[in-house]
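Engineer: this one's sequence-less:
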């Protein structure tokens, strides 16, 4: 008996970039592409797929930012990617390539990816948080993905806090994401606050990135340190809530903000340790992802090989 | 072949009362006892067990308020029942009765009970909330209990809110529980606020109950209405957070505050509908439990018959 290695294609439509990869059943990336997802999303996916297609493909898995209608293979709402709202993504792709097509939330597939081939391999019960422009999540329980929305970034931590584009008030994402850090930096600099950040970014404060803030903080800049610490403190409130509700063995953090770990995440851990039940906090490891940006494509591709996966109608 | 009906004993140590019942494998209560759990908890359990014991018992299931150390059959922390912290409850009971003994959190067993024989029978994925002196929870996913802490009452919804006895700040329980309602009523009456509540409770405002508040609210009392509505609004923040994270098919509410449904829970539903993702809110039914106070004993007893249940060491 000969066993042939099986492959699937993973598509990550989680952020501003579209990522597509050919992945083995074991979670090993054979080839990958990255492109802007700004417009013509469906055309971009179709072209990337053709370019990466190779031999027998068992199926295609999609990880998409937003609220997923698993039953019908649609995306209910994708606040950062309106272009795909309401499109019957699964049907369009299946009609073109004639293989099974699965769809999941981007945070959920990142959690799956880390479980399959990353920092989550050693844990049966963990929560993954994507810390970038927004904040997303995915939950692994007893080794399997929980089929839940896991919109952890849209948990309100300040009942009467600022309005979030999602409609809620005081969402974690409004206080602990890259978007919130940048908004605070710009607002403070517009008020003429003294800061090294004034000099960065080729003179335009509107191009500030979290990396700029982190760099300035390392140089001792007061505003930059305050921004990272404040965001970290709010992240800590979110971590404590997750710990008190989900009592995970690990929380795996991924996304662009991981680069600011030594201030932002350290502050979050300190805050969470003060807030969560002691016994639960002591049982959780808070660690960075090991796949980074590849977690989504690996996890999306793995949807195809999941026993319990149901293909949308 | 004859099949004999199997029975187990369920013990609910969730609130101020200790409840013990003989329950069939199908979740039917054969006999039950209720007594104060104020002191001598272990003796009370032992006596109740002897009184209720009948024929062949497959095992004993315990539902206990607090953070459970499932592996070792201990209770890490039980903020409202310090008497049992650190006691090796499982071993003590097993040594006396020589049957398997299981332990779970009280909110979790209540969720199991509603799934087995109550309002949760028709749902594969729901969250149960106990709304009483404190606020607890339990989560059913794909028809099974999630083995997580589910301390939903200790989710912070106001980052810099008032200190909770658990150590966190701004916990849901501080704003939406019976304890919080009563504290607010007392504090306002001490400030000489005009209210029908002054006349209630045999002249002692320190004996006010949520029922008194509800009754005064129905008679049009401004303070009473405000207390119930405020608590309901905060409960709504918690419900929205649960909906955004867990996307359940149902949220089942139980506990003493259910009696104030028409003001408190209605307000919560209104608030949650404003805050949660529309598509997720539209997919969730918010309903009262059907077993009420019996959910805990039924669920605790059912622990004994769960395939996946592991007996603590």
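Structural biologist: Okay, I see it. Remember, predicted model here, so these are calculated numbers, not experimental data. Residues are numbered from 1 along each chain as shown, chains lettered A, B, ... in the order given.

Engineer: most centrally placed residue in chain A?
Structural biologist: By C-alpha atoms, centre = their mean, chain A has its centre lying nearest to residue A:130, at 3.3 Å.

Engineer: Okay, now the unreliable bits of the stretch 51-200 of chain A?
Structural biologist: Low-confidence segments of the stretch 51-200 of chain A (pLDDT under 70): A:79-81.

Engineer: For it, which residues are neighbours of chain B?
Structural biologist: Contact residues (C-beta under 8 Å from any C-beta of the partner chain) of the stretch 51-200 of chain A with chain B: A:67, A:69, A:76-77, A:125, A:137, A:141-142, A:146-152, A:154-159, A:166-169. In short, each C-beta sits where N, CA and C put it, glycine included.

Engineer: Drop anything exposed from these.
Structural biologist: Among these, the ones that count as buried by 16 or more other C-beta atoms under 10 Å in any protein chain shown are A:67, A:69, A:76-77, A:125, A:137, A:141, A:146-152, A:154-159, A:166-169.

Engineer: same for the helix or strand where residue A:116 lies, what does it pack against?
Structural biologist: Secondary structure from DSSP states H and E places residue A:116 in helix A:106-117. Using 3 or more C-beta pairs under 8 Å, 6 or more residues apart in numbering or on different chains; DSSP states H and E, the elements in contact with helix A:106-117 are strand A:7-13, strand A:60-64, strand A:126-131, strand A:135-141, strand A:144-145, strand A:250-254, helix A:295-302.

Engineer: what sits up against the last one?
Structural biologist: Put plainly, it is helix A:295-302. The contact list for helix A:295-302 (C-beta atoms under 8 Å, 6 or more residues apart in numbering or on different chains) reads A:8-12, A:14, A:19-23, A:25, A:27, A:29, A:32, A:61-63, A:102, A:104, A:106, A:108-118, A:128, A:254, A:289, A:291.

Engineer: quick one, strands of chain A?
Structural biologist: A:7-13, A:17-24, A:29-36, A:60-64, A:67-69, A:74-77, A:101-105, A:126-131, A:135-141, A:144-145, A:250-254, A:285-288 (DSSP state E).

Engineer: The fourth one pairs with which strands, parallel or anti?
Structural biologist: In this case it means strand A:60-64. Applying DSSP bridges to the sheet, strand A:60-64 is found paired with strand A:7-13 (parallel), strand A:101-105 (parallel).

Engineer: Let me have those strands in TSV, extended by mean neighbour count.
Structural biologist: Formatted as TSV, the strands paired with strand A:60-64 follow (neighbours: other C-beta atoms under 10 Å in any protein chain shown):
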stretch	mean neighbour count
strand A:7-13	28
strand A:101-105	26
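
Engineer: how about CSV for the helices and strands packed on helix A:106-117, with distance to residue B:279 added?
Structural biologist: Putting these into CSV (distance: least, C-beta to C-beta, whole Å) gives the following:
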stretch, distance to residue B:279
strand A:7-13, 18
strand A:60-64, 14
strand A:126-131, 20
strand A:135-141, 16
strand A:144-145, 20
strand A:250-254, 25
helix A:295-302, 21
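
Engineer: Compare the ones you listed and report which one is nearest to residue A:96.
Structural biologist: strand A:60-64 (9.9 Å; C-beta to C-beta).

Engineer: now what about the closest one, what contacts it?
Structural biologist: Residues outside strand A:60-64 that contact it (C-beta under 8 Å, 6+ apart): A:8-14, A:49, A:75, A:78, A:81, A:84, A:89-90, A:93-94, A:97, A:99-106, A:108-110, A:296-297, A:299-304.

Engineer: Give me the angle between that strand and helix A:295-302.
Structural biologist: 140 degrees (axes from the mean of the first three to the mean of the last three C-alpha atoms, to 10 degrees).

Engineer: Which strands or helices does the longest helix anywhere in chain A pack on?
Structural biologist: The longest helix of chain A (DSSP state H) is helix A:222-246. Under the contact definition 3+ C-beta pairs under 8 Å, 6+ apart, helix A:222-246 sits against strand A:126-131, helix A:173-176, helix A:178-190, helix A:210-218, strand A:250-254, helix A:264-275, helix A:278-282.

Engineer: and that helix, what's its mean pLDDT?
Structural biologist: Averaged across helix A:222-246, pLDDT comes to 98.

Engineer: ok, and the closest non-adjacent residue to residue A:45?
Structural biologist: residue A:11 (6.1 Å; C-beta to C-beta, 6 or more residues apart in numbering or on different chains).

Engineer: got it, and residue A:216?
Structural biologist: residue A:224 is the one closest to residue A:216 (C-beta to C-beta, 6+ apart), at 3.7 Å.

Engineer: who's in contact with that neighbour?
Structural biologist: In this structure, residue A:224 makes contact with A:185, A:195, A:196, A:197, A:213, A:214, A:215, A:216, A:217, judged by C-beta under 8 Å, 6+ apart.

Engineer: Would you reformat the residues you listed as TSV and include distance to residue B:247?
Structural biologist: Shown next, in TSV, are the contacts of residue A:224 (distance: C-beta to C-beta, whole Å):
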residue	distance to residue B:247
A:185	34
A:195	41
A:196	43
A:197	39
A:213	34
A:214	34
A:215	39
A:216	39
A:217	37
